[in-house]
Structure formats: C-alpha cells, structure tokens
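Asks: after the sequence you'll find the predicted model.
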Amino acid sequence: MNAHPLAPPAALLQLDGVRKRYNIGLPNEAEVLHGVSLSIGRGEFVALIGPSGSGKSTLLNILGLLEHMTAGSYRIDGEEVSGLDDAALTLRRRSTLGFIFQFHHLLPAFSALENVTLPALMREGRITPAQRERARAVLAAVGLGDAMHKRPGELSGGMQQRVAIARALVLEPPLVLADEPTGNLDTVSANEVFALMRQMHAELKTSFLVVTHDPRLAARCDRVIELVDGRLVRDGAVAGGREAG
C-alpha cells in the first residue's frame, strides 16, 4: 500500500504523487516511480531502503534535482521546483543540497583542502579566505586536520569518505543526500563514517537522507522510508514511532 505521510510544519522537502517514466512513447516505456508522496523535515536523519530496482536511485536523483519527474509536485521550502529551468535548478541545488556518494568522486590531483573548497568555487566562482578557513575547520571537525594537504591517493578509503563528507557540509546545506555512503568501505570504516555523519547531523542540525542496503545502518537512523517496486510501502520512526500509512 502506498503511504501518504502528512508534511510536518517545518517540512524542507515535500513530494506529492511523483511519477517517473522512461522511454515515453516507445515500446519499452516503463514507469519506475508510481505516485510517491513523502516529506522530509528540517533536522531529520532518514534512511531510504528497498531492494535493487525499487526506484531508490531514481527517487534520489529527483530529490537532488538531477532528473526531472514525469508527473507530480516537488516543493523545497514551499517553492515548486518542477517548473524551474536548468539554471534555476542548478542554483537551487547548490544552495540547498550537499551530496555524498558511495564512491567519493574526489579529484585525485587536488589536496583534501582543495577538494573541500570546490563547492564554494562552483557556487561563487572564487574562493575567499573565509571560505578556505571554513574548509580547514570542517576538515578538522571530521578528524583530518593533519591530512588536509594530502591528495586522495595518500588517504585510506575511510579518510577519503571523510573528505567527501566535509565537502558536502562545507557550505552548510539544509539537506545532505547520501547514496550508499558506506557501501565501499570495510565494516570498521563504515561504522566510523556513519558515526561521523550522525555527529555532524547533531552539531549542524543538517537534514540527512541516507540510501543504504545495510539494515544495521538503517536501524541507527531516526526514520526509515522503504520503496518496493516504485511505491512507498513504509515510512515511520525506527523506534517508538508510528508508521505512516
């Protein structure tokens, strides 16, 4: 059964009846999201789970303003974004969202500090001394104060992912979208990276939506959203909460 949770008063994102079709008008036309409705409030730490092929990546791309939906409504801070042109979507993405991926996508020729200053360079076309100092502070906060001048190839996988977390948080976005952020790490590094994300969430009050296939990590989030075959089948608190539906 598709769930339709009510938006909380401080909803940051709100999806209503979102559908996504590919190859429209062709014999192989397929719909992968079937009327998904959900909200994410400020300061939430949410897991998105579901089997392979359930539509998680498509939903994350729509939330990240990387793909257009076929039908439905998507509002950020009350603003409908489905009708924005590419330039406006880019501005909204840079002002609202941070991204952490399974593979860190760091630039290998750049130091950790230079990688973390990239969002400021992309958003404003330059890096100010204050922004560079902010990048240093965030790297120190994720435990890399002594490694900020090292290149990714000189860092372990867990350390590289810490750089990616710092990069996602350096501009203090309201929401971070994390796509299998621990999926490429060993168990110890995965636990450390997840604990770091929870720590930064607590300190900065940034909302997190974490796509994970690991039920142990999902159980450490505050709320779980589950997709099956492109439909929302569960949306509720991990412990002590009431399932929406």
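Replies: Sure thing, it's come through. Numbers count the residues shown, from 1 in each chain.

Asks: average pLDDT across the helix or strand where R198 lies?
Replies: Element membership of R198 [criterion: DSSP states H and E] is helix 187-204. When pLDDT is averaged over helix 187-204, the result is 83.

Asks: helix, strand, or coil at I225?
Replies: Under DSSP: H, G, I helix; E, B strand; the rest coil, the three-state class of I225 is strand.

Asks: now the helices for the chain?
Replies: For the chain, helices defined by DSSP state H occupy the ranges 56-63, 86-96, 112-124, 129-141, 157-169, 187-204, 215-218.

Asks: let's have those helices in CSV, adding mean neighbour count and distance to V176.
Replies: Just so you know, the C-beta spots here come from the backbone N, C-alpha and C atoms, and that holds for glycine as well. As requested, the helices of the chain are exported to CSV (neighbours: other C-beta atoms under 10 Å; distance: least, C-beta to C-beta, whole Å):
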stretch, mean neighbour count, distance to V176
helix 56-63, 21, 11
helix 86-96, 14, 10
helix 112-124, 19, 12
helix 129-141, 16, 13
helix 157-169, 24, 5
helix 187-204, 17, 8
helix 215-218, 16, 15
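
Asks: figure out which of those is closest to A178.
Replies: When the helices of the chain are compared by C-beta to C-beta, helix 187-204 sits nearest A178, at 6.9 Å.

Asks: let me know the angle separating the closest one from helix 157-169.
Replies: Computed by axes from the mean of the first three to the mean of the last three C-alpha atoms, to 10 degrees, the angle separating helix 187-204 from helix 157-169 equals 20 degrees.

Asks: what's the helix holding R198 packed up against?
Replies: Secondary-structure packing of helix 187-204 (3 or more C-beta pairs under 8 Å, 6 or more residues apart in numbering; DSSP states H and E): helix 157-169, strand 207-211.

Asks: now distance to E67 and mean pLDDT too, for those, in TSV please.
Replies: Output for the helices and strands packed on helix 187-204, formatted as TSV (distance: least, C-beta to C-beta, whole Å; pLDDT from 0 to 100):
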stretch	distance to E67	mean pLDDT
helix 157-169	19	85
strand 207-211	15	91
